[in-house]
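> Dropping a prediction and its sequence here:
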Amino acid sequence: MVDGGMGRISTFLNESYIGSTPIDRALDKRFFYREGEFFVPQKSSRGLFLTKFKDRSDSCSYYGDLEKVGNEMRTVTMNGRDLLFAKDCFISVPDALPFIEKYDIKTKKIIQKYDLSGIEVFKNNIDFILKKDIRSDKSYYVLTRDSYGIDGHVFLLCSNYGDDYKARTIVRVSLYPEMKVIATYTLPADFYNSICVSKTHIYAFNALEAKIESFRYEF
């Protein structure tokens, strides 16, 4: 569990506290652990994400370039990410920008950037946002509320802006050989804020009714 305010990652096993690893300030977003190394999103002039080995006392290492959006404050604000492990690579999923990125797991360098702005739900949201007057560099509209990766696919839980705000569209992206959208799903309720996916079901938390719902799909 990332505790960005306290600057540490706490580790648990079967509900028992194991210990913590100190890190620099990080985001309360999806991160992953692989072969003794944490990959944790953050956003600063130092980079998009940091890595830290669990059993070493050395400092964090920083990688990735921020997507420039206006001034420095605006750029930092708009660059929050989820990080999802995917076999020989990992995926960076921005919450406020209409693309996702694939990084090499060893070199931590970007392999592919995939534009989502032409996908219907993203296009509609961008059109809505462009009509709004965002007066603060610290304010932004969330495009992707949550994301989840499984067996070469990434699932994006998207906002639906309009007269009434909703979050009920899931966009599915295949990662190999190149990233591409292969399906879109519309959930029955109006507002979900997190998802989890297996090979047979999408599990989504219905925030209005405070319950987890499951939906069968074809993998």
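Noted; the coordinates are in hand. Nothing here was measured: the structure is a model prediction, and the numbers come from that model. Residues are numbered from 1 along each chain as shown.

> residue ranges with poor pLDDT in the protein?
For the chain, the stretches flagged by pLDDT under 70 are 4, 57.

> and if we set it to 80?
By pLDDT under 80, the low-scoring segments of the chain are 3-8, 24-26, 55-58.

> That one: helices as residue ranges?
Shown for the chain, the helices assigned by DSSP state H span residues 72-77, 120-130.

> Please name the residues that touch the residue most central in space within the chain.
Central residue of the chain (CA atoms, centre = their mean): Asp82, 2.5 Å from the mean position. Neighbouring residues of Asp82 by CB atoms under 8 Å, 6 or more residues apart in numbering: Lys29, Arg30, Pro41, Ile91, Ser92, Val93, Asp95, Thr144, Asp146, Ser147. Where C-beta positions appear, they are placed from N, C-alpha and C, glycine not excepted.

> can you dump the C-alpha coordinates of stretch 190-204 into PDB?
Once non-C-alpha atoms are left out, stretch 190-204 reads as follows in PDB (Å, rounded to 0.1, in the frame of the first residue of the first chain):
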ATOM      1  CA  ASP A 190     -24.600   5.500 -13.800                       C
ATOM      2  CA  PHE A 191     -21.500   5.800 -11.600                       C
ATOM      3  CA  TYR A 192     -18.600   3.300 -10.900                       C
ATOM      4  CA  ASN A 193     -15.300   4.400  -9.500                       C
ATOM      5  CA  SER A 194     -13.100   1.300  -9.600                       C
ATOM      6  CA  ILE A 195     -12.800  -2.000 -11.500                       C
ATOM      7  CA  CYS A 196     -11.100  -5.400 -11.300                       C
ATOM      8  CA  VAL A 197     -11.000  -7.900 -14.200                       C
ATOM      9  CA  SER A 198     -10.700 -11.600 -14.600                       C
ATOM     10  CA  LYS A 199     -10.700 -13.700 -17.800                       C
ATOM     11  CA  THR A 200     -14.500 -14.200 -17.400                       C
ATOM     12  CA  HIS A 201     -15.800 -11.200 -15.500                       C
ATOM     13  CA  ILE A 202     -15.500  -7.500 -15.000                       C
ATOM     14  CA  TYR A 203     -16.000  -6.400 -11.400                       C
ATOM     15  CA  ALA A 204     -17.000  -2.800 -10.800                       C
END
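
> Show residues contacting that stretch.
With CB under 8 Å, 6+ apart, stretch 190-204 has contacts from 145-148, 150-151, 153, 155, 157, 164-168, 170, 185, 187, 205-208, 212-217, 219.

> Type out the ChimeraX command that picks the buried ones from the residues you listed.
With 16 or more other CB atoms under 10 Å as the criterion, this ChimeraX line picks the buried residues out of those:
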select :145,146,147,148,153,155,157,166,167,168,170,187,205,206
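
> Next step: the contacts of stretch 190-204 restricted to strands.
If you go by DSSP state E, the contacts of stretch 190-204 have 145-148, 150, 153, 155, 157, 166-168, 170, 185, 205-206, 212-216 in strands.

> All set, thanks.
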